[in-house]
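In: Next comes the sequence, and after it the predicted model I'd like to discuss.
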Amino acid sequence: MIDDLRAQRGVPGMRVFIVDDGSTDKTFDAAIAAAADDTRFSIQRSEQEPPPGWLGKQAACSAMSTEALHAGAQILIFIDADVRLGPEALARAATALRSTEAGLVSVWPSQGAVSCAERLVQPLLAWSWMTTMPIALSNRSLRPSTAVACGQFLAFTREAYLRAGGHSKVAASLTEDLNIARNLRRCQYRTVLVSGRAHVRCRMYSSRRELSAGYGRWLSTAFGSTGGSIVVAALAVLAYLVPPAVALFGHGSARRLGFIGYLAAVTSRLASSQTEHGRRPGAARVAECLLHPLSALAFVALLADSIRQSHGRSAHWKGRPLR
C-alpha cells in the first residue's frame, strides 16, 4: 500500500497519515521502512484500546482526520490497508469529487478472490447492489435509504465531512461506510459511488476463516434487524435456491420456469462480474456464476452465523469484541 501511495501522480499536495492500531505482526516497523525518508508520510502507533462507544477503525480514522484537518486538508481520503492503487487513483477520486459536486465519492475496488470460499462469496458484494439499486439513480438522489458506499475507499470534501460529523457520528457502527454516507445525505450532500475497476483493487480476506469472521461481525446489521435478516434469507432461498431445485426435480412447465429463474440469476451474475472487473468473464468466473445457488446458500449460512454471534454477543474482529 505505501509503495502505491508513494507512486501516486497528480496530487502534489498529498499528505499521508497512517495509524498502526495495535497490530501484532510488525506492521509499524514495515510501514516505517516502506515510507523511508518520504516527508509526506506520518506514521503512528496506537496501543490504546478505543474509547468507550468506539470501534477501532472509526477511532483510528477520527484521529487521522483530526491531524489532516489541522494540516489544512481540503479533501480527506480514507483507504483500507489491503487496498491496492494504480498511480492515478487518488487524482481520479479528487477529480470525481469536483466533477460531481458531491460531498463523498466512494470508489468501488475490483474485489479479488482466490480460494473457493472467496469465489463463492465475494462476487455477491457487487452483485447485490447492482441487482437491487440502480446506481445512476442513487447517485442523483439525496435519500439516505438509497445510499451505497464502500468503506475500503472513501473520499470526502472537508466541508461535508465536518458538517456530517465525520466518524464520530458512526463511532460504534459495524457498517460505518453506509451510515456515514446516509449522514451526509441527511445534511443535503450528494454521495456518489464510482467504479475503481481500472485502478483500485482489493482482496478482503485470504482464507475461509477470515471470510467467516469478517462477515460474521457485521452481516446481521445490514438489514435493520433480526427480522429483516430472516426475511432477506427467506427471499434468497426462494429466489435462488428453489428455482434450480425445481429445474432439477420438477416436471413440465414448473421445470421450465425453474430453469428460467436459475438462468436469470446466472445472467445477472455474469453482468455484474463484467461491470465490476471491466472485462468479459473468463472460464473461472463463468463457473462461479453457474454456481450461484451455492453462493446463495453460503450467504444464508454466513447470515445465520452473524445473527448467532449478534445474539450471543460473541462477535470479535482482530482480537477485539465488537459488542
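Out: Ah, there it is. Residues are numbered from 1 along each chain as shown.

In: Please name the nearest non-neighbouring residue to residue 207.
Out: residue 115 (6.6 Å; C-beta to C-beta, 6 or more residues apart in numbering). Where C-beta positions appear, they are placed from N, C-alpha and C, glycine not excepted.

In: Pull the number of nearby residues for the one you found.
Out: 15 (other C-beta atoms under 10 Å).

In: And it, how far from residue 304?
Out: Between residue 115 and residue 304 the distance is 21 Å, computed by C-beta to C-beta, to the nearest Å.

In: Same question for residue 32.
Out: Computed with C-beta to C-beta, the distance linking residue 32 and residue 304 is 43 Å.

In: If you count contacts, what does the longest helix seen in the chain end up packed against?
Out: Using DSSP state H to define each element, the chain has its longest helix at helix 252-277. Applying 3 or more C-beta pairs under 8 Å, 6 or more residues apart in numbering; DSSP states H and E, we find helix 252-277 packed against strand 110-111, helix 123-132, helix 242-249, helix 283-290, helix 292-312.

In: swap the cut-off to 6 Å and go again
Out: helix 123-132, helix 242-249, helix 283-290, helix 292-312 (3 or more C-beta pairs under 6 Å, 6 or more residues apart in numbering; DSSP states H and E).

In: can you give me the angle it makes with helix 123-132?
Out: With axes from the mean of the first three to the mean of the last three C-alpha atoms, to 10 degrees as the basis, helix 252-277 and helix 123-132 are set at 110 degrees to each other.

In: quick one: buried residues of stretch 203-222?
Out: By neighbour count with 16 or more other C-beta atoms under 10 Å, stretch 203-222 contains the buried residues 203-205, 211-222.

In: I'd like the mean pLDDT over that stretch, please.
Out: In this model, stretch 203-222 carries a mean pLDDT of 88.

In: Give me the contacts around it.
Out: Under the contact criterion C-beta atoms under 6 Å, 6 or more residues apart in numbering, stretch 203-222 has outside partners 112, 117, 174-175, 229, 302-303, 305-307, 309-310, 315, 317, 322.

In: could you show me where the strands are in the chain, in order?
Out: Taking DSSP state E as the criterion, the chain contains strands spanning 16-21, 41-46, 75-79, 83-85, 104-108, 110-111, 153-157, 191-195, 200-202, 316-317, 320-321.

In: May I have the strands that pair with the fourth one, each with its orientation?
Out: Each strand that strand 83-85 pairs with, and the sense of that pairing, follows from DSSP bridges: strand 200-202 (antiparallel).

In: ok, back up a step: which one among the contacts of stretch 203-222 gets closest to residue 280?
Out: Nearest to residue 280 among the contacts of stretch 203-222, counting by C-beta to C-beta, is residue 112 at 17.7 Å.

In: Just the pLDDT at the closest one, thanks.
Out: We note a pLDDT of 89 for residue 112 in this prediction.

In: can you pull the contacts of it?
Out: With contacts defined as C-beta under 6 Å, 6+ apart, residue 112 is in contact with 201, 203.
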